[in-house]
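Peer 1: Structure of the sequence below:
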Amino acid sequence: MRNRPAAAALLLATTALAAGCNSSDEPTPPPGTTISAPPTAQYLETSEQTVTKGAERDPNDPKTKQEAYSESLLKQTDPVEAQMKKRGITVKGRDEVLWTKPGAYEKPDIGDEQTTVDACVVRNSRFIDEDGNDITADQKGNPLEKGTKTLIRYTLTTPDGGKTWLIDSWTEKGACDAQQPS
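Peer 2: This is a model prediction of the structure:
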């Protein structure tokens, strides 16, 4: 490979940006936030469906990304994906969601409602450099084997009072099992 360090740095930047640059374990609610349960079970079901659709989407189909990602996440990922394409990095395969579990719900006094969803994701998508090498990495830049099961916490926002949810960021939380915890 001609420029492995540059490709690795780009992949690390991609991973961090795609994750919404969230380096903390828990998101900090903004001042004036009211944390409560969502008003209906439909909120939970819709947000979990969005996570499944977003995580399992075809990485080469921009329409599915636009349907699942928030505007702020698109502003972060689009330039990085353009750089990857320019450097000959492609994405092959698709991830699989084994299970989802609703998390915290927040309704700030100002701004969009938010909810979190934890998902056990089988990492089958691969980042391939121009020489055909698999350069897939986790959010910390460590090599990631195909089929690794990763617990990912997705943060979602809703632009329309919970009718639809959009992925705003995600954070890898560690390994998970195919069996959903109770």
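
Peer 1: Sheet partners, orientation included, of the host helix or strand of Thr116?
Peer 2: Taking DSSP states H and E as the criterion, Thr116 maps to strand 113-123. Strand pairing for strand 113-123, determined by DSSP bridges: strand 96-108 (antiparallel), strand 148-158 (antiparallel).

Peer 1: Would you mind giving the orientation angle of the one helix or strand Leu44 maps to with respect to strand 96-108?
Peer 2: In this assignment (DSSP H and E), Leu44 forms part of helix 41-55. Interaxial angle of helix 41-55 relative to strand 96-108 (axes from the mean of the first three to the mean of the last three C-alpha atoms, to 10 degrees): 130 degrees.

Peer 1: Which residue ranges of this protein form helices?
Peer 2: Assigned by DSSP state H, the chain shows helices spanning 4-18, 41-55, 62-68, 71-86.

Peer 1: Name the residues of the shortest one that come out as buried.
Peer 2: Which is helix 62-68. In terms of neighbour count (16 or more other C-beta atoms under 10 Å), helix 62-68 has its buried residues at 65, 68. Bear in mind the C-beta positions are built from the backbone N, C-alpha and C, glycine included.

Peer 1: next one: stretch 165-172
Peer 2: Neighbour-count burial for stretch 165-172 flags 165-172 (criterion: 16+ other C-beta under 10 Å).

Peer 1: Same question for stretch 134-145.
Peer 2: Buried residues in stretch 134-145 (16+ other C-beta under 10 Å): 135-139, 144.

Peer 1: how long is that stretch end to end?
Peer 2: By C-alpha to C-alpha, to the nearest Å, the extent of stretch 134-145 from end to end equals 9 Å.

Peer 1: again, but for stretch 128-135
Peer 2: Using C-alpha to C-alpha, the end-to-end distance of stretch 128-135 comes out at 6 Å.

Peer 1: For it, buried residues please.
Peer 2: Using 16+ other C-beta under 10 Å as the test for burial, stretch 128-135 gives 128-129, 135.
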